[in-house]
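J.: The sequence and its predicted three-dimensional model are supplied below.
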Amino acid sequence: MAEFLGLSEAIARHVHDGDTVALEGFTHLIPFAAGHEIIRQRRRELTLIRMTPDLIFDQMIGMGCASKLIFSWGGNPGVGSLHRLRDAVEHGYPAPLEILEHSHAAMACAWEAGAAGLPMAVLRGYVGSDLPRVNPDIRTIECPFTGEQLAAVPANRPDVSIVHAQKADRAGNVLIEGIIGVQKEAVLAASRAVITVEEVVDELDTHPNACVLPAWCINAIATVPGGAWPSYSHGYYARNNRFYKEWDAIARDRDTFARWMEDNVINASSPNAQPRAGESA
């Protein structure tokens with residue numbers, strides 16, 4: 001069941017060196033604050049999973065947290081490359097990075113399989129693609145009913161999944177509104193789940209098509225207002241488009257990147273609000 005913790009304690013308890021860690025959120029609700037706390041706690045040898053790695057994974061990779069990345073498309077949306085990711089892949093700096101690239105469809109299917117407790121996902125895909133030549137986790141199987149050749153990929157089953165959401169109620173249920181990616185599947189597929197939220201409320205005020213993560217699938221909830229910045233949180237704050245553009249210049253140079261991270265992440269205060277289920281938000 002969900003436990004209300006400060007962010008630093010939630011990460012300390014549930015993210016360990018060598019873990020497979022997913023940080024999911026599509027376009028908005030990207031868990032930047034949680035990723036920064038992982039950096040501050042100097043976690044190492046992580047396998048990172050994300051459908052669309054963007055700035056938070058660029059930062060984590062550039063700070064030496066990761067040894068492996070499982071992903072589909074990685075870049076700075078609307079701007080260009082992730083320069084710290086490229087430096088790790090091309091030059092092994094600050095540490096070598098193994099990459100396993102999939103299509104979006106395969107990653108989505110891998111999350112669904114993980115959420116269902118299955119060992120693999122099967123899909124029609126990769127026909128004419130070169131990805132199977134460079135990703136050994138893409139295999140071909142024969143349908144036992146039709147004989148059709150299909151693609152198969154391992155299910156995503158991380159040690160811990162981390163997502164950001166708008167609200168949690170005092171019983172530990174979490175509401176996600178707006179664009180929904182694979183947050184639900186990522187939480188259900190993981191051995192442990194850490195959720196950061198904008199606020200804790202008495203009632204979630206859900207609607208018929210709401211995505212609610214029930215308390216039983218969550219280990220820790222941390223209240224972190226602004227926890228998705230510079231991405232956006234629907235109903236709370238807008239995306240900081242200027243920062244995404246500025247990041248391109250920051251991340252291109254190793255020393256500039258290191259100074260920015262030192263000033264804005266390492267030496268920044270960790271959000272540690274600890275509202276309990278019976279206290280006001």
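T.: Sure thing, it's come through.
J.: Strands of the stretch 1-150 of the chain, residue ranges please.
T.: With strands called from DSSP state E, counting those that start in this stretch, the stretch 1-150 of the chain shows them at 3-4, 20-24, 46-50, 66-71, 98-101, 120-123, 139-142, 149-154.
J.: And for G125, nearest residue in space, chain neighbours not counted?
T.: Computed as Cβ to Cβ, 6 or more residues apart in numbering, the closest residue to G125 that is not its neighbour in sequence is A151, at 4.9 Å. Bear in mind the C-beta positions are built from the backbone N, C-alpha and C, glycine included.
J.: Let's see the pLDDT reported for that neighbour.
T.: A151 carries a pLDDT score of 97 in this model.
J.: pretty sure it is in contact with A105, am I right?
T.: No - the criterion here is Cβ atoms under 8 Å, and A151 misses it with A105 at 9.3 Å.
J.: Compare neighbour counts for those two and give me the winner.
T.: Per other Cβ atoms under 10 Å, whichever of A151 and A105 has more neighbours is A151, with 23 against 16.
J.: Report the contact partners of that one.
T.: Contacts for A151 were tallied using Cβ atoms under 8 Å, 6 or more residues apart in numbering; they are A106, V122, L123, R124, G125, Y126, P132, I138, R139, T140, I141.
J.: Output stretch 129-138 in CSV with nothing but the alpha carbons.
T.: Only the C-alpha atoms of stretch 129-138 are listed here, as CSV (Å, rounded to 0.1, in the frame of the first residue of the first chain):
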residue,chain,number,x,y,z
SER,A,129,13.6,-2.4,-40.2
ASP,A,130,17.3,-2.6,-39.4
LEU,A,131,16.6,-2.5,-35.6
PRO,A,132,16.6,-6.4,-35.3
ARG,A,133,20.2,-6.4,-36.6
VAL,A,134,21.4,-4.1,-33.8
ASN,A,135,19.0,-5.1,-30.9
PRO,A,136,19.4,-8.8,-29.9
ASP,A,137,16.2,-8.5,-27.8
ILE,A,138,14.1,-8.4,-31.0
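J.: Pull the distance from that stretch to the chain's centre.
T.: On the basis of Cα atoms, centre = their mean, to the nearest Å, stretch 129-138 sits 23 Å off its chain's mean C-alpha point.
J.: got the buried residues for it?
T.: Buried residues in stretch 129-138, counted by 16 or more other Cβ atoms under 10 Å: L131, P132, N135, D137, I138.
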